[in-house]
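Colleague: Build me a model:
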Amino acid sequence: MSSISLHNISKVFPDGTRAVQEISLEINKGEFLVLVGPSGCGKSTLLRLIAGLDELTSGSIKIGGKDAASLLPKDRDLALVFQNYALFPNLSVYDNLAFGLKARKVPKVIIKEKIIPVSQRLGLAELLQRKPDELSGGQRQRVALGRLLVRNPSIHLLDEPLSNLDANLRTSMRHELAQLHNEYQKTTLFVTHDQVEAMTLGQRLCVMNQGHIIQVGTPTEIYDFPEHRFVAEFFGSPPINLFKGKIESFQNNSSFTNGSIKIPLPNDSDLSEGEIELGIRPEDWIINSEASSQSVPVILQRIENLGDSRILHFMDQENTIRAKSELREFQVGKPYFLTPQWNRVHWFDIQTEKRVLR
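Modeller: Numbers count the residues shown, from 1 in each chain. Model prediction:
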């Protein structure tokens, strides 16, 4: 297995597009790291730079301690699975699986010894003589994964490999990928714009936006302690509630004010006076039928029934507020009172959009 070290790397395309900007990142041996962010944020470019398919503008990449600049793509001991599978349409499943090994002049007997167990593991044993156009999307994706596993390099790179699959198949393939990583323990970089894929697959997540790394951490750290407003907004369904307002103090008591919202803060709050942004995830409201000193009066406008839970759309005088609850006894048009779970809220600086308190 190989570690990957990125030091201050940048990629500027001929048209001036700065796809990756001064990124430094350490990927550990055997780690499953997910590069996640919106389309165009630079995550696929970063993967291609590691693979050697694009040239760096500046900075350095080390793979297994060796400077990647001295290594051709074929010598980096890695394999890349693309979004569109990149199978050879004129070759059978068997020959697609064997292609990488044949290119390295591996003996036919050894190639067969490697293909048979992988094809059985991925449910392809009965499809080895078929051509790609005779396969379903899920089967083609398994062939692309199988081609990687037959070679079994130290580094596995996957560029949005599940985006062309339907929802049910994506769920089963996520499970399959997690099992494969547990089994093979290879250094894996997985690119996605899907927060569910990122949260369920990654041991660590690298959140990117506009060519920069915004935050790196475990799924729990990313969700519970977003270091930037962008991260807080990107993760969570329904999305986080954000309120721009200010902290005001009166007779040793502090409150957060946002137009119609004025909520007294807990006595142990150490926020200073001034403008600030408050973030509250939908599941972090306490919903009551009676008012309290720290509650916001609202009217329930709409209910989205998810079966195991309800997404509740409330309205106060000025704000639409989303909440989530497993309770079922809600009525549209009825008044309710929302109280934040203060140990779960998020505060962001208005100017920098960075987290204010841990």
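
Colleague: Quick check: buried residues in stretch 312-319?
Modeller: 312-314, 316, 319 (16 or more other C-beta atoms under 10 Å). From N, CA and C alone the C-beta is placed, and that goes for glycine too.

Colleague: cool, stretch 50-66 as well?
Modeller: Here stretch 50-66 shows 50-52, 54, 56, 59, 61-64 as buried, counting by 16+ other C-beta under 10 Å.

Colleague: swap in stretch 140-159?
Modeller: Under the neighbour-count criterion of 16+ other C-beta under 10 Å, stretch 140-159 has 140-151, 153-159 buried.

Colleague: about what we covered before: among the buried residues of stretch 50-66, name the ones in helices.
Modeller: The helices, defined by DSSP state H, take in 50-51 from the buried residues of stretch 50-66.

Colleague: and the buried residues of stretch 50-66 as TSV, adding pLDDT and distance to residue 92?
Modeller: Listed next are those as TSV, based on pLDDT from 0 to 100; distance: C-beta to C-beta, whole Å:
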residue	pLDDT	distance to residue 92
50	95	30
51	93	26
52	93	29
54	93	31
56	95	38
59	96	42
61	96	36
62	95	38
63	94	32
64	90	34
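
Colleague: Make JSON lines from the buried residues of stretch 50-66 and add distance to residue 288 to it.
Modeller: Formatted as JSON lines, those follow (distance: C-beta to C-beta, whole Å):
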{"residue": "50", "distance to residue 288": "51"}
{"residue": "51", "distance to residue 288": "54"}
{"residue": "52", "distance to residue 288": "58"}
{"residue": "54", "distance to residue 288": "55"}
{"residue": "56", "distance to residue 288": "56"}
{"residue": "59", "distance to residue 288": "54"}
{"residue": "61", "distance to residue 288": "54"}
{"residue": "62", "distance to residue 288": "56"}
{"residue": "63", "distance to residue 288": "56"}
{"residue": "64", "distance to residue 288": "57"}
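
Colleague: Looking at the buried residues of stretch 50-66, spot the one nearest residue 262.
Modeller: Nearest to residue 262 among the buried residues of stretch 50-66: residue 59, at 48.9 Å, using C-beta to C-beta.

Colleague: Can you name every helix or strand that the lengthiest helix in the chain contacts?
Modeller: Counting by DSSP H, the longest helix found in the chain is helix 167-184. Using 3 or more C-beta pairs under 8 Å, 6 or more residues apart in numbering; DSSP states H and E, the elements in contact with helix 167-184 are helix 137-151, helix 195-201.

Colleague: pretty sure residue 230 is touching residue 212, no?
Modeller: No - the pair residue 230 / residue 212 is not scored as a contact, 9.9 Å apart, by C-beta atoms under 8 Å.

Colleague: Could you measure from residue 153 over to residue 27?
Modeller: Residue 153 sits 14 Å away from residue 27, going by C-beta to C-beta, to the nearest Å.

Colleague: cool, and residue 347?
Modeller: Relative to residue 27, and taking C-beta to C-beta, residue 347 is found at 31 Å.

Colleague: quick one: low-confidence parts of the stretch 251-358 of the chain?
Modeller: Along the stretch 251-358 of the chain, the parts satisfying pLDDT under 70 run over 358.

Colleague: if we can go back for a sec, going by mean pLDDT, which of the helices and strands packed on helix 167-184 comes out lowest?
Modeller: If these are sorted by mean pLDDT, helix 137-151 sits at the bottom with a mean of 88.
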